[in-house]
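Peer 1: Build me a model:
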Amino acid sequence: MVDKAIEYMMQQKLSSLAIASALLGGSMALLARSMSDDAIIGILQNAIGSVRSGELRDHHDLNGG
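Peer 2: The predicted structure is shown next:
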């Protein structure tokens, strides 16, 4: 379903930044309904760690991006 939403937004000529921002905002709203602020902060800190370590970039490179 998420892939279809991304595909639709790409067909609408939205930028990658706009698409990612929309998905992140929706994800954050979903998390806020079911988790404490501290749990959400933990998830975000893990994501920041992945960016800083290059893990996301390495994953992107392995998938031909």
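Peer 1: Need the pLDDT of residue 22.
Peer 2: Here, the pLDDT recorded for residue 22 equals 94.
Peer 1: That one against residue 10, yeah?
Peer 2: No: with contact defined as CB atoms under 8 Å, residue 22 does not reach residue 10; the gap is 11.8 Å. No exception for glycine: its C-beta is placed from N, CA and C like everyone else's.
Peer 1: List of residues touching stretch 1-10?
Peer 2: Judged by CB atoms under 8 Å, 6 or more residues apart in numbering, the contacts made with stretch 1-10 from elsewhere in the structure are 18-19, 22-23.
Peer 1: Tell me which stretches of the chain form helices.
Peer 2: Along the chain, the segments classed as helices by DSSP state H run 2-11, 16-34, 37-53, 55-62.
Peer 1: Throw the ones you listed into TSV and include mean neighbour count, thanks.
Peer 2: Conversion of the helices of the chain to TSV gives the following (neighbours: other CB atoms under 10 Å):
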stretch	mean neighbour count
helix 2-11	11
helix 16-34	11
helix 37-53	11
helix 55-62	11
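Peer 1: so where's this structure shaky on pLDDT?
Peer 2: With pLDDT under 70 as the threshold, the chain has low-confidence stretches at 59-65.
Peer 1: Centre-most residue in it?
Peer 2: The C-alpha lying nearest the average C-alpha coordinate of the chain belongs to residue 24 (CA atoms, centre = their mean; 5.0 Å).
Peer 1: Just give the closest residue to residue 49, not the sequence neighbours.
Peer 2: Spatially, and ignoring its direct neighbours in sequence, residue 49 is nearest to residue 55 (7.9 Å; CB to CB, 6 or more residues apart in numbering).
Peer 1: how does this protein divide up, domain by domain?
Peer 2: Domain segmentation of the chain under automatic domain parsing yields 1-34, 36-65.
Peer 1: What residues does the closest residue to residue 43 other than its chain neighbours make contact with?
Peer 2: By the measure of CB to CB, 6+ apart, the closest residue to residue 43 outside its immediate chain neighbours is residue 31, 7.0 Å from it. Contact analysis of residue 31 by CB under 8 Å, 6+ apart lists 39-40, 43.
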